[in-house]
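Q: Got a predicted structure plus its sequence, pasted below:
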Amino acid sequence: MLAQLPGTSHLMASLLSGSGLRLMACVRLRVKDVDVASHHLTVRDAQGAPDRVTMLPQSVKETLQRQLARTKLVHAEDLTAGYGEVYLPYAFARKDPHAGTSWGWQYVFPASNRSRDPRAGRERRHHVSETGLQKAVKHAIRQAGLDKRGSCHTLRHSFATHLLSDIALRHTC
C-alpha cells in the first residue's frame, strides 16, 4: 500500500506506520521536534497527554531530510516576502514574539499556500490538511487491491503490532 503513495504522502504515511504517529500529530509536526541524528521525534500534546518521544525509522531519514530542506526554502521565501510566521501554541507568542518566525517552530509539512489565520487576523502558513493524507491513503489502499478496510489510523495500529511482534521475537530467542 505504501508503494502506491507519491512524495509527501508516502513520507507522512511512513511516519504513521514507522513511528506510530496519529494523523494530526504528523501534520502538526514541527521542525524542532525532529531529531534525525538521534532517530527520534517528539510528539507534543498528543490528545491531552504529556509530550512523548517515539522512534524515527531509519528508512525515512533521507526523505525526511529532503522534506526539511524543501520546507526551509519555503520558509526563506515567506520571510523574504514579509511573512514566515506560524501559529504558536499557548502563550509562546507572548513570551517570545519572534518565535513564530523561527525555523524550529515551522511545520515539517507546510501548506502549499499561506492563508489568513482567524485567531490573529494575519497571513500565515499553516500545516497541510489532514484530509489530503486521508484521501491519499484510501486511494492507495484501493490501488493496492487490498480487500480490507484501512485508514491512516490503521497505519498507527500496524506500528504497534509490529513493535509487539518484535518484542515477542526477542523474548523467545
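A: That came through fine. Keep in mind it's a predicted model, so treat the numbers as computed, not measured. Residues are numbered from 1 along each chain as shown.

Q: neighbours around the closest residue to residue 3 other than its chain neighbours, how many?
A: Nearest residue to residue 3, sequence neighbours excluded (C-beta to C-beta, 6 or more residues apart in numbering): residue 144, at 7.5 Å. Every C-beta, even on glycine, is put in place using the N, C-alpha and C of the backbone. When neighbours are counted by other C-beta atoms under 10 Å, residue 144 registers 13.

Q: how about residue 144, phi and psi?
A: phi -80, psi -10 (degrees, to the nearest 10).

Q: pLDDT wise, what is it at?
A: On the pLDDT scale, residue 144 is placed at 87.

Q: From what I see, it and residue 5 are in contact.
A: No: in this structure, residue 144 is not within contact of residue 5 by C-beta atoms under 8 Å, at 9.7 Å.

Q: Poorly predicted segments of the protein, please.
A: The model of the chain has pLDDT under 70 over residues 46-48, 157, 159-173.

Q: Can you show me the strands along it?
A: Along the chain, the stretches classed as strands by DSSP state E are 34-35, 40-43, 52-55, 110-116, 123-127.

Q: Of all those, which one is nearest residue 98?
A: Of all the strands of the chain, it is strand 123-127 that lies closest to residue 98, at 14.2 Å by C-beta to C-beta.

Q: returning to that earlier point: and the gap between the residue nearest to residue 3 and residue 133?
A: 16 Å (C-beta to C-beta, to the nearest Å).

Q: again with residue 72
A: Between residue 72 and residue 133 the computed distance is 21 Å (C-beta to C-beta).

Q: Which one's more surrounded, those two?
A: Per other C-beta under 10 Å, whichever of residue 72 and residue 133 has more neighbours is residue 133, with 22 against 13.

Q: Spell out which residues sit in contact with the residue most central in space within the chain, please.
A: In the chain, the C-alpha closest to the average C-alpha coordinate belongs to residue 26, at a distance of 2.8 Å (C-alpha atoms, centre = their mean). Contacts for residue 26 (C-beta atoms under 8 Å, 6 or more residues apart in numbering) come out as 12, 15, 16, 109, 133.

Q: Pipe the residues you listed into TSV and attach distance to residue 59 per row.
A: Below are these laid out as TSV (distance: C-beta to C-beta, whole Å):
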residue	distance to residue 59
12	14
15	10
16	13
109	18
133	18
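
Q: Can you show me the helices along this protein?
A: 7-19, 23-27, 61-80, 92-95, 130-143, 152-172 (DSSP state H).
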